[in-house]
Each structure stands twice: as structure tokens, then as C-alpha cells.
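Asker: here you go, sequence then predicted model.
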Amino acid sequence: MRYLCRLKLTKYMFGTRASGVVFTLLLLQTEKVVEVMDELLPTPNSRVWKEWKTIVLDRIRRMEDFDIGTSDWDDGTWTDKEKEMLTSLFQDARNAHRV
């Protein structure tokens, strides 16, 4: 019991659930990344979220960097609002990866 009291824990706080979930998945290194992400971050069935999840899950599986630029996803069909949301979501993932 005394040993437990001496443990030093680090608390991480993230600005969004998306970045917290990406961080968790990076730590877990599980083969069930889709299932864990769906459980921790249920998302609307929108085109933006589908694209974000597809790219982020691929980067986690391949253990690649998270420097995701518009050339990785922008095919010219996204609205300005969708582009803004995707850019923000990818920034959340990048922030989690850099911790």
C-alpha cells in the first residue's frame, strides 16, 4: 500500500475529445483501433468525420507521422466549412501525436 502512495502519475489534458482519443490509441497500440475509436468517440456519419477517421486510423496502424496536409485529403469537393473542420480535426490529431 505504501508503494502505491509513492507512485508519480502524469495527468494529460487535451482540448478536445478527438485529441484525447488519438493519444489513447497511440498508447494502446491495439489491433482493434476502429472498435476502440468507435467506442470512445462516437461520431456523426458525416463525410468529414469519415475522412478524418480513415486517415487518422491509417496513420495509427502504420505508425506514421501526423503531418497531414490538405494534399492528403483535399480533392476539390470539400466546402469551406468542411475544410475548416477537417483542418481543425487533423490539428487535434497532430497535437495528440506530439505529446
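Answerer: Done, it's in.
Asker: pLDDT weak spots in this structure?
Answerer: Along the chain, the parts satisfying pLDDT under 70 run over 1-5.
Asker: could you rerun that using 90?
Answerer: For the chain, applying pLDDT under 90 flags the ranges 1-12, 42-45, 64, 99.
Asker: which parts of it are strands?
Answerer: Applying DSSP state E to the chain gives no strands.
Asker: scan it for its longest helix.
Answerer: The longest helix of the chain (DSSP state H) is helix 80-98.
Asker: list the contacts of that helix.
Answerer: Residues outside helix 80-98 that contact it (CB atoms under 8 Å, 6 or more residues apart in numbering) are 14-16, 18-23, 26, 47-49, 51-52, 55-56, 59, 65-68, 70, 73-74, 78. Placement of C-beta: from N, CA and C, glycine included.
Asker: what comes up buried for it?
Answerer: M85, L86, L89, F90, Q91, D92, A93, R94, N95, A96, H97 (16 or more other CB atoms under 10 Å).
Asker: which residues touch R61?
Answerer: Going by CB under 8 Å, 6+ apart, R61 touches V33.
Asker: ah, wrong one, I meant D72
Answerer: D72 neighbours (CB under 8 Å, 6+ apart): I55.
Asker: how about the helices in this structure?
Answerer: Secondary structure of the chain (DSSP H): helices at 2-6, 17-28, 33-40, 47-62, 80-98.
Asker: and the contacts of the second one?
Answerer: By CB under 8 Å, 6+ apart, the residues outside helix 17-28 that reach it are 12, 14, 33, 36-37, 40-41, 52, 56, 60, 66, 89, 92-93, 95-97, 99.
Asker: repeat that for 7 Å
Answerer: For helix 17-28, the external contacting residues (CB atoms under 7 Å, 6 or more residues apart in numbering) are 12, 14, 33, 36-37, 40-41, 56, 60, 89, 92-93, 95-97, 99.
Asker: now stretch 49-59
Answerer: The contact list for stretch 49-59 (CB under 7 Å, 6+ apart) reads 22, 33-34, 37, 43, 66, 68, 72-73, 86, 89-90, 93.
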